[in-house]
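A.B. asks: predicted model follows, preceded by the sequence.
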Amino acid sequence: MVEANGVTLNVVRLPPRQAAAERPAPVVVFLHGAFIDSLASFYFTLGPAFAARGCEAVMYDMRGHGRSERPRSGYTVQDFGADLRALLRRLGVTRPVHLVGNSFGGTVALDHALRWPGSTASVLVIESGPATEQWAATMRAALRDTTGGGLDAGSLSRFVELYGMVSSTRSGPRQEARIERLGRSAGRLIGSTTIVQDITAGRPVTEEEIRAVDCPVLLVNGSRGLVGPQSAWLASVLPRARIAEVAGMKHSVLVEAPDAVGRLALDWVREHTGAGGAVRGAGR
């Protein structure tokens with residue numbers, strides 16, 4: 001448990017298993033999604049694979065999620081970004097880091113790249129984008145449609161279904177029960193905090209600011225996901241961006257196709273680690 005930016009965060013730090021002797025291991029920080037997610041989505045997918053390839057993998061439950069502290073307020077994108085910045089300082093990480101963000105975690109990763117130029121070696125976002133005015137409008141509509149304008153502390157299954165979080169190939173009683181558990185957990189977060197009001201209340205990111213991002217960005221999408229049009233626009237605006245699609249996948253591409261996403265992510269970080277770095281043998 002690490003105190004950062006006034007909140008206690010649950011952190012898992014996996015050391016590299018085959019670090020290169022001539023230079024420090026790359027630090028890769030994994031950022032999960034909002035409401036129904038936690039560090040577990042990376043702990044059981046990409047995190048251990050990166051540690052096995054010579055990276056230091058850092059995963060943490062964002063404020064209000066998982067086992068981290070749940071303050072009553074303070075849930076803007078900028079609050080989450082400041083948490084990340086403070087956490088890196090508390091962990092003694094001073095060199096640029098690689099950020100891998102899933103859904104809302106990608107929005108936080110891009111916020112870090114925007115606000116702290118030179119501190120991010122690369123960004124990989126999975127089904128995500130920056131907190132523009134359009135992003136805020138889409139998020140507000142999703143939350144309004146889900147809660148009916150109120151705060152329902154019960155199941156948020158409709159939120160999951162509405163935004164394609166579950167592929168049609170993973171339906172069934174066990175999956176539905178899992179969604180119900182996630183929904184109840186998210187409902188407790190919504191019912192005890194101001195996250196619904198806060199999450200879209202920060203200052204929107206402008207196109208000029210996006211154009212100023214100085215690190216390479218990979219946009220990983222499901223071919224049937226939510227952010228295809230936004231990613232096409234974003235790739236045209238970001239100076240150093242690429243798009244990669246995972247065929248047949250929806251928004252939940254990370255948990256439904258972890259091997260495909262892992263190959264893309266390992267290759268990406270290896271490409272931007274530099275000669276002689278770790279991250280060897282991405283497993284193709």
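C.D. replies: Ah, there it is. Quick caveat, the model's predicted, so the values are computed rather than measured.

A.B. asks: what bits of this structure have low per-residue confidence?
C.D. replies: Low-confidence segments of the chain (pLDDT under 70): 19-22, 147-172, 175-176, 274-284.

A.B. asks: now do the strands in it.
C.D. replies: 2-4, 7-9, 11-14, 27-31, 56-60, 97-102, 120-126, 217-222, 241-246 (DSSP state E).

A.B. asks: may I see the buried residues of the first one?
C.D. replies: Within strand 2-4, the residues that qualify as buried are A4, counting by 16 or more other Cβ atoms under 10 Å. C-beta: built from backbone N, CA, C; applies to glycine.

A.B. asks: residues in contact with it?
C.D. replies: The contact list for strand 2-4 (Cβ atoms under 8 Å, 6 or more residues apart in numbering) reads 8-9, 11, 60, 83, 86-87, 89-91.

A.B. asks: mind running it again at 7 Å?
C.D. replies: The contact list for strand 2-4 (Cβ atoms under 7 Å, 6 or more residues apart in numbering) reads 9, 11, 83, 86-87, 90.

A.B. asks: just the buried ones among these, please.
C.D. replies: In these, burial by neighbour count holds for 9, 11, 83, 86-87, counting by 16+ other Cβ under 10 Å.

A.B. asks: just flag the most distant two among those.
C.D. replies: Greatest spacing in the buried ones among the contacts of strand 2-4, by Cβ to Cβ: V11 and A86 (12.0 Å).

A.B. asks: let me have the strands of the chain in a markdown table, extended by distance to H112.
C.D. replies: Conversion of the strands of the chain to a markdown table gives the following (distance: least, Cβ to Cβ, whole Å):
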| stretch | distance to H112 |
| --- | --- |
| strand 2-4 | 13 |
| strand 7-9 | 15 |
| strand 11-14 | 16 |
| strand 27-31 | 9 |
| strand 56-60 | 13 |
| strand 97-102 | 6 |
| strand 120-126 | 6 |
| strand 217-222 | 12 |
| strand 241-246 | 16 |
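
A.B. asks: closest one to V196 among those strands?
C.D. replies: Among these, strand 7-9 comes nearest to V196, with 18.4 Å by Cβ to Cβ.

A.B. asks: partners of the closest one, with directions?
C.D. replies: strand 2-4 (antiparallel) (DSSP bridges).

A.B. asks: check the offset of the strand it pairs with from the chain's centre.
C.D. replies: Between the centre of strand 2-4 and the centre of its chain there are 19 Å (Cα atoms, centre = their mean, to the nearest Å).

A.B. asks: cool, and stretch 174-191?
C.D. replies: Using Cα atoms, centre = their mean, the offset of stretch 174-191 from its chain centre is 19 Å.

A.B. asks: do the same with stretch 191-204
C.D. replies: Distance, stretch centre to chain centre, for stretch 191-204: 17 Å (Cα atoms, centre = their mean).

A.B. asks: and stretch 1-16, by the same measure?
C.D. replies: With Cα atoms, centre = their mean, you get 16 Å for stretch 1-16.

A.B. asks: what do you get for stretch 195-213?
C.D. replies: Taking the mean of its C-alpha atoms, stretch 195-213 sits 15 Å from the chain's own mean (Cα atoms, centre = their mean).

A.B. asks: also stretch 59-66?
C.D. replies: Counting by Cα atoms, centre = their mean, stretch 59-66 is centred 11 Å from the centre of its parent chain.

A.B. asks: what does stretch 253-271 give?
C.D. replies: In terms of Cα atoms, centre = their mean, the centre of stretch 253-271 is set 13 Å apart from its chain centre.

A.B. asks: for G202, give me its contacts.
C.D. replies: Residues counted as contacts of G202 (Cβ under 7 Å, 6+ apart) are 76-78, 131.

A.B. asks: among those, which are in helices?
C.D. replies: Within the contacts of G202, residues falling in helices by DSSP state H are 77-78.

A.B. asks: what would the contacts of strand 2-4 look like in a markdown table with distance to L189?
C.D. replies: Listed next are those as a markdown table, based on distance: Cβ to Cβ, whole Å:
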| residue | distance to L189 |
| --- | --- |
| L9 | 15 |
| V11 | 19 |
| D83 | 16 |
| A86 | 21 |
| L87 | 20 |
| R90 | 24 |
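
A.B. asks: what's the most distant pair in those?
C.D. replies: Maximum pairwise distance among the contacts of strand 2-4 (Cβ to Cβ): 12.0 Å, between V11 and A86.

A.B. asks: give me the buried positions along the longest helix belonging to the chain.
C.D. replies: In the chain, with assignment by DSSP H, the single longest helix is helix 173-192. Within helix 173-192, the residues that count as buried by 16+ other Cβ under 10 Å are 179, 182-183, 185-187, 189-190.
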